[in-house]
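Colleague: pasting a predicted model and its sequence here:
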Amino acid sequence: MKLGILSAIIAAAGVLGAAGPAVQGAAVTGTVKFTGTPPANPKVDMSEEDACKGKYTADPVVTVTGGNLKDVLVYVKSGLPAGQKFPASTAPVVVDQEGCLYHPRTLAVMAGQPLEIRNSDPVLHNIKVVAKRNRGFNISQPTRGMKTTRTFTAQEIAIPIACNVHGWMHANLNVFTHPFFAVTGADGAFTIRGLPAGTYEVEAWHEKLGVQTMSVTVPATGSTPANFSFKAGS
Amino acid sequence: MSRAGGRSGGRAVAMVLSAGAVLLSARPPVRPSAQEGQGGGRGKELYDKWCAECHGETGAGDGSAATRMLPRPRDFTLAVFQIRTTASGELATDEDLRRVIDEGMPGTAMPGWRDRLNAADRDAVIGYLKTFSTFWEGATPQPIDMGRAPRSSPEGIAEGRAVFEQVECFKCHGDAGRGEGQSAPTLTDDAGQPIRAADLSESWNFNGGSTVEQIYTRLRTGLDGTPMPSFSDVIDANVITDEQLWRVAQYVRSLSPREPPRPSDVIRATAVTALPAAPDDTAWSGVERYYVPLVGQIVVKPRWFAPAVNAVWVQALHDGQTLALRLTWHDRSRSPDPAWDEWLGLMRDAMGNGDAPLPDEQGADRLHLQFPARWSDDLELPFFLGGSTRQPVTLWRWSSDGDKLEEGTSTGLGRFTPAASGNAAHSARYDRGEWALQITRPLVPADSAAAIPFVPGRAMPIAFFAADGSHGEDDVRGAVSAWYAIYLDVPAPPRVYIAPIVAVLITAGLGVAVVRRAQKRATETA
């Protein structure tokens, strides 16, 4: 009952957020590139798991397609007006366990926004979240098609998600108290929308390649470019 | 000075609070000691004295003794607790914390404090350890409603086994439940330290208790901070029913004996006419099993604080000519096993900062039996760790490397001289996390100068050492027992069985005679 009211409020706030001022304002758009030869990804031996073996042979920590870097979190690190509250979206962010890997492996949600964890594998996965500022948890999904939803409360970067049944499975979760973040897909592109005019520190974070930051000044409307580039060994 | 001030201040707050509590809800007042524990006072005093050496002064689980322990002491700054009645991710209730402090955590370095600190002091410590994390501010953790166990039955236990397979408990805990599952060698806790899947056949070592209700609670809540997940969502998603989860708990409980085993000083070798041929011979099934607990060898360097083998079970028989021993012990790996390379690496990182680094390669699994090299009842027992120069011991050293049994003499742990020839024969089996080793030896060996004789009717001291190669246990690293005694029954001569029968017959005969005479007299007088 309590949860129902709460989610109704969040939903209402989310609708307002989606239709209201949040989509107005400025955008920061760009591409995250990778130059040089990407580091080799760790090999994964899934022979012990019949349902997954052969599908993937490496853990795709660094994925570069045509020079574009996938799975990079880009977010506004500082510059937002202090004390401003942003409503959380009710649209769940989905992470799927398929072929005994997480898809996608870099996740970002707002505090209060649901994270939906799905299992597309016909095997047991446990989902262990080890957080510091949020409450971690450890739950099990022993069947294909199972879905579990969880929310988080506090801003925290790089929360590890792991499966202990399959020790090679890793993802990372990022929780924000604002909506100004994005994760790159295979094309390396990202867009952060709805920023008020101002100067922001924007950070690009990759689980293996580290971080890059740049200062971006945006006007009241329109799109401002911010392109990042990671290098081998950087 | 400041401490005294804090205490009286705390007391004043406690009085106000308890007065308020009485007025508002007519509940019993808040215990003053718990209030004092907040932010100092008695709780801090006790914590610093009894807890900080392991858990650290700031509660971060980094006390001076912490690196010698596996699992490591709890880090209270994270406020993540294994043993709870709350959902995964929640804090523990006071009752949950109290239970761990009262009972301790079996199989870890955490002792129970019920007999060492009074109830008020234990509450004060609970109050104080909540000051290490801001998660406790304003939190009132709520226990899950656990419902009630369905009546246990053989069918229920069989269903529990089926669900155990369906939700793949065996992935970590293994088909036999001894913690030998295929994922077991890769398991780490939240801090990245190696952690072993629980041996479900040793319920007396369960951290949260061994009853069906307690096991069910662990299934519902998971053990946060460890790889063991909660299965509450599995019920919510209708993958299995609540009753089925109870069945899993009942099945798990059925894997252990009803009562925890108790060590007995004397291992009896019963006299029989024929000895079993191998450790898996069914003739062993009816023979009494003696439980011998083992502890880490922490006397001789390199000392070992994380023993893999926690007990050996011993069975013994003899036929007047030969002694047969059957030794079984749980060992999650048949070393060396490439699947356990990762585990050895984790162990090297976790425990390699001790007296000497851990080996780079997995060694063999080992079991040693130890007897005094010379023995009569008026002699003093040799030093239990491999004897001494003055009082050497006889060792029978079995190793999984080539499945060899070596006999010889030891004058101290690691100081072994093999005998020219052996008198014992052996046979070993490994099955899903358990070794079974049968050793036979003539009571009076051919080479009587090199080996001690076993004499029916007399007790012979015996001690044990066990090591798991995949766990990094090489050299003198392993688990040891104190001295026990093995007593060979004297075979009963035939007259022992005939004499009572004769006595019964004579007594019965006399009785009949007496009764007849009495009856005869009675008829005569009538």
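Modeller: Done, it's in.

Colleague: show me the helices in the stretch 101-250 of chain B, by range?
Modeller: In the stretch 101-250 of chain B, the segments counted as helices under DSSP state H, counting those that start in this stretch are B:119-129, B:154-166, B:170-173, B:212-221, B:232-236, B:242-254.

Colleague: for the helix or strand hosting A:Met214, buried residues please.
Modeller: Assigned by DSSP states H and E, A:Met214 belongs to strand A:210-218. Within strand A:210-218, the residues scored as buried using 16 or more other Cβ atoms under 10 Å in any protein chain shown are A:Gln212, A:Val216, A:Val218. Just so you know, the C-beta spots here come from the backbone N, C-alpha and C atoms, and that holds for glycine as well.

Colleague: contacts only, for the most centrally placed residue in chain A.
Modeller: Centre of chain A computed as the mean C-alpha position; nearest residue by Cα atoms, centre = their mean is A:Leu107, 2.0 Å away. Contacts for A:Leu107 (Cβ atoms under 8 Å, 6 or more residues apart in numbering or on different chains) come out as A:Val93, A:Val95, A:Leu115, A:Ile161, A:Ala171, A:Asn172, A:Leu173, A:Asn174, A:Val183.

Colleague: quick check on it: phi, psi?
Modeller: Dihedral pair for A:Leu107: phi -120, psi 150, per degrees, to the nearest 10.

Colleague: cool, and B:Tyr430?
Modeller: Per-residue torsions, B:Tyr430: phi -120, psi 130 (degrees, to the nearest 10).

Colleague: next up, the contacts around it.
Modeller: Residues counted as contacts of B:Tyr430 (Cβ under 8 Å, 6+ apart) are B:Arg334, B:Ser400, B:Ala436.

Colleague: and which of those residues is nearest to B:Ala499?
Modeller: Among the contacts of B:Tyr430, B:Ala436 lies closest to B:Ala499 (Cβ to Cβ), at 39.6 Å.

Colleague: show me what contacts the closest one?
Modeller: Shown in contact with B:Ala436 (Cβ under 8 Å, 6+ apart): B:Pro279, B:Asp280, B:Arg326, B:Leu327, B:Thr328, B:Ala428, B:Arg429, B:Tyr430.

Colleague: one more: B:Tyr291?
Modeller: Neighbouring residues of B:Tyr291 by Cβ under 8 Å, 6+ apart: B:Pro261, B:Arg262, B:Pro263, B:Ser264, B:Ala311, B:Trp313.

Colleague: give me the neighbour count for the first one.
Modeller: Spelled out, it's B:Pro261. By the criterion of other Cβ atoms under 10 Å in any protein chain shown, B:Pro261 has 16 neighbours.

Colleague: show me where chain B has its strands.
Modeller: Assigned by DSSP state E, the strands in chain B fall at B:266-271, B:290-293, B:295-296, B:311-318, B:322-330, B:366-372, B:393-399, B:404-410, B:416-418, B:425-431, B:434-442, B:459-467, B:479-480, B:484-488.

Colleague: strands paired with the last one, and their directions?
Modeller: When you say that, I think you mean strand B:484-488. Using DSSP bridges, strand B:484-488 pairs in its sheet with strand B:266-271 (parallel), strand B:459-467 (antiparallel).

Colleague: then the fourth one?
Modeller: Taking DSSP bridges as the criterion, strand B:311-318 forms sheet pairs with strand B:266-271 (parallel), strand B:290-293 (antiparallel), strand B:322-330 (antiparallel).

Colleague: can I assume B:Ala306 is in contact with B:Leu70?
Modeller: Yes: counting by Cβ atoms under 8 Å, B:Ala306 sits close enough to B:Leu70 to count as a contact (4.1 Å).

Colleague: overlap in contacts of the two?
Modeller: B:Ala350, B:Met351.

Colleague: in chain B, where is pLDDT below threshold?
Modeller: By pLDDT under 70, the weakly predicted segments of chain B are B:1-40, B:449-450, B:494-497, B:522-526.

Colleague: residue numbers of it in contact with chain A?
Modeller: Residues of chain B lying close to chain A by Cβ under 8 Å from any Cβ of the partner chain are B:78, B:80, B:87-90, B:135, B:166-168, B:171-172, B:182-183, B:186-188, B:190, B:222-224, B:226-234, B:237, B:239, B:342.

Colleague: chain center to stretch B:224-232: distance?
Modeller: How far stretch B:224-232 lies from its chain's middle: 22 Å, per Cα atoms, centre = their mean, to the nearest Å.

Colleague: repeat that for stretch B:104-124.
Modeller: For stretch B:104-124, the distance to the chain centre is 19 Å (Cα atoms, centre = their mean).

Colleague: end to end, how far does it reach?
Modeller: This stretch, stretch B:104-124, spans 17 Å end to end (Cα to Cα, to the nearest Å).

Colleague: correct me, but B:Trp304 touches B:Arg477?
Modeller: Yes: with contact defined as Cβ under 8 Å, B:Trp304 counts as touching B:Arg477 (4.0 Å).

Colleague: what touches both of the two?
Modeller: B:Gln297.

Colleague: neighbours of A:Lys85, how many?
Modeller: 8.

Colleague: residues contacting B:Val239?
Modeller: Neighbour list for B:Val239: A:Pro142, A:Thr143, A:Met146, B:Val167 [criterion: Cβ under 8 Å, 6+ apart].

Colleague: now with 6 Å, please.
Modeller: By Cβ atoms under 6 Å, 6 or more residues apart in numbering or on different chains, B:Val239 lies in contact with A:Thr143.

Colleague: what do you get for the one 4 residues further on?
Modeller: When the contact criterion is Cβ under 6 Å, 6+ apart, the partners of B:Glu243 are B:Pro150.

Colleague: could you do B:Ala237 as well?
Modeller: Per Cβ under 6 Å, 6+ apart, neighbours of B:Ala237: A:Met146.

Colleague: ok so, going back, how about the contacts of B:Ala436, which pair is most distant?
Modeller: Taking Cβ to Cβ as the measure, the contacts of B:Ala436 span a maximum distance of 14.2 Å, between B:Arg326 and B:Tyr430.
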